[in-house]
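# Here is my input, please return the structure:
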Amino acid sequence: MTVSIVIPMRNGEPFIRPTLESILTQEGVELEVVVINDGSTDGSEKTVADIAKSDPRVRMIDGPQLGIAPSLNAGLAAATGDYLVRCDADDLLPAPGTSDRLAAQAEYLDQHPDVVAVCGTYTTISDKGKPLSSLYTGDDPADITAELHAGETRTHFGTYMTRTAALRELGGARPYFNGVEDVDLQLRIATLGPVHYQPLDCYRYRLHGTSSTHTQPSPQRVFLTDTARAFAKQRVATGEDDLMRGNPPEVPQDHAPGVDVREQTQGMLIGEAWRHFRAGQRGKGLGIMWQATRTRPLHPAGWFGMVQVLIKPRRRAIEPLTKSSPSQPSHG
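Down below sits the predicted model:
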């Protein structure tokens, strides 16, 4: 079985080389990599072209320049693999030896022909590639189909391996959800059959200020994410959602700033610090809380956490002021 890795890219020069290197070192599967160059004006196109010259598994196609969803769909149309994985141009796959993610997921789908997709865990990293937080998505294997029908997503779409034929049957990503199209895709995949979760290390999601998460206006992202979740419940109740019926709600045109990358980074570090503290690792929790404090030294959340980790016995540990949901970072 061949696995296609689809990478939408627009001005990905700072990150695309390590992204491709993290993919091309994967083992245990026949691999193709499809990079969709969606109007890049920096040096990323040349970087990919140079890599493709030395590795025939990589090819680059032109994107429609209509947003992330049409770009992803161009990659889906070009993919020849039996299974498909989306990786953003600024993210990474875990290093071989750390995780045999592609081989393990492909084997799982081979052995479970009724399963449409399988997903796993992920870690957030800084703009320099430093691990920030391993978001808690569950310790045990699970059929998460019912969760998706209820509008709940527990992980990042980059952790998914999906049957390519299933994504095509869905019609790919829906441009209405540009920016959170991956949330909508997760929820719609479950309409075709079972989706399983395996607690396997699958993805490195990079936090940086130029990602779409941090440049798209927050009201639009929140509205579209909430709408995708509401549509999942509509499909269960009626077999269709308002977009399928041709009358989706109007997307607000609020130009408020996107998610602040330092705030999101601090929130994830605080959550990771408390996770280690509750596991009895006070010293490690304190070190991570100090990183959180340094991220935004004028914000009280990190300092409050430092004091609590220092003085509270573990059984009385309180919840952090700032939490981050594993479903929040929809994509880079």
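# drop to CA atoms for contacts and neighbour counts, all remaining ones
OK.
# any idea of the mean pLDDT for stretch 192-203?
For stretch 192-203, mean pLDDT is 97.
# cool, and stretch 156-166?
97.
# what comes up buried for the helix or strand hosting residue 5?
Secondary structure assigned from DSSP states H and E places residue 5 in strand 2-9. For strand 2-9, a neighbour-count test (16 or more other Cα atoms under 10 Å) marks 3, 4, 5, 6, 7, 8, 9 as buried.
# Quick one: neighbours of residue 170, just the number.
14 (other Cα atoms under 10 Å).
# right, and it touches residue 186 too?
No. Contact criterion Cα atoms under 8 Å: residue 170 and residue 186 do not qualify, at 11.1 Å.
# Go ahead and name everything in contact with stretch 161-180.
Residues outside stretch 161-180 that contact it (Cα atoms under 8 Å, 6 or more residues apart in numbering) are 67-70, 72-73, 76-77, 81-85, 102, 105-106, 116-119, 181-182, 184-185, 188-189, 192, 212-213, 216, 221, 224-225, 228, 330-331.
# could you redo the last one with a cut-off of 7 Å?
Applying Cα atoms under 7 Å, 6 or more residues apart in numbering, the external contacts of stretch 161-180 come out as 67-70, 73, 81-85, 105, 116-119, 181, 185, 212, 221, 224-225, 330.
# What of stretch 114-130?
105, 109, 131-135, 137, 155, 159-163, 166, 192-208.
# at 6 Å what do you get?
131-134, 159-163, 193-208 (Cα atoms under 6 Å, 6 or more residues apart in numbering).
# Quick check: buried residues in that stretch?
Those buried within stretch 114-130 under the rule 16+ other Cα under 10 Å are 115-127, 129.
# Just the element for residue 273, please.
Element membership of residue 273, judged by DSSP H and E, is helix 261-278.
# coming back round to it: residue 42: which of the buried residues of stretch 114-130 is nearest?
Set against residue 42, the nearest of the buried residues of stretch 114-130 by Cα to Cα is residue 127 (18.1 Å).
# Can you classify the closest one as helix, strand or coil?
coil (DSSP: H, G, I helix; E, B strand; the rest coil).
# From residue 287, how far off is it?
According to Cα to Cα, to the nearest Å, residue 127 and residue 287 sit 20 Å apart.
# go on, residue 311?
Residue 311 is 15 Å from residue 287, by Cα to Cα.
# Give me the more crowded residue out of these two.
Set side by side, residue 311 and residue 287 show unequal neighbour counts under other Cα under 10 Å, the larger going to residue 287 at 13 against 9.
# Show me what the strand holding residue 5 is in contact with.
Taking Cα under 6 Å, 6+ apart as the rule, strand 2-9 contacts 30-38, 71-72, 75, 79, 81-89.
# One more: stretch 63-74?
Under Cα under 6 Å, 6+ apart, the answer for stretch 63-74 is 8, 36, 37, 38, 39, 172, 173, 175, 178.
# quick one: low-confidence ranges for the protein?
208-217, 255-262, 264-266, 268, 272, 274, 276, 314-332 (pLDDT under 70).
# And the buried ones among the contacts of stretch 114-130, selectable in ChimeraX?
Restricted to buried positions by 16+ other Cα under 10 Å, the ChimeraX selection for the contacts of stretch 114-130 reads:
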select :132,133,134,159,160,161,162,163,194,195,196,197,198,199,200,201,202,203,204,205,206,207,208
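# Mind checking which of the contacts of stretch 114-130 are in strands?
Mapping the contacts of stretch 114-130 onto strands (DSSP state E) picks out 131-134, 161-163, 195-206.
# Which residue ranges of the stretch 1-150 of the chain form strands?
2-9, 30-37, 58-62, 83-86, 117-125, 131-134, 142-143 (DSSP state E, counting those that start in this stretch).
# closest to residue 271 out of these?
It is, among these and with distance given as Cα to Cα, strand 131-134, at 7.7 Å.
# list the helices and strands that closest one packs on?
strand 117-125 (3 or more Cα pairs under 6 Å, 6 or more residues apart in numbering; DSSP states H and E).
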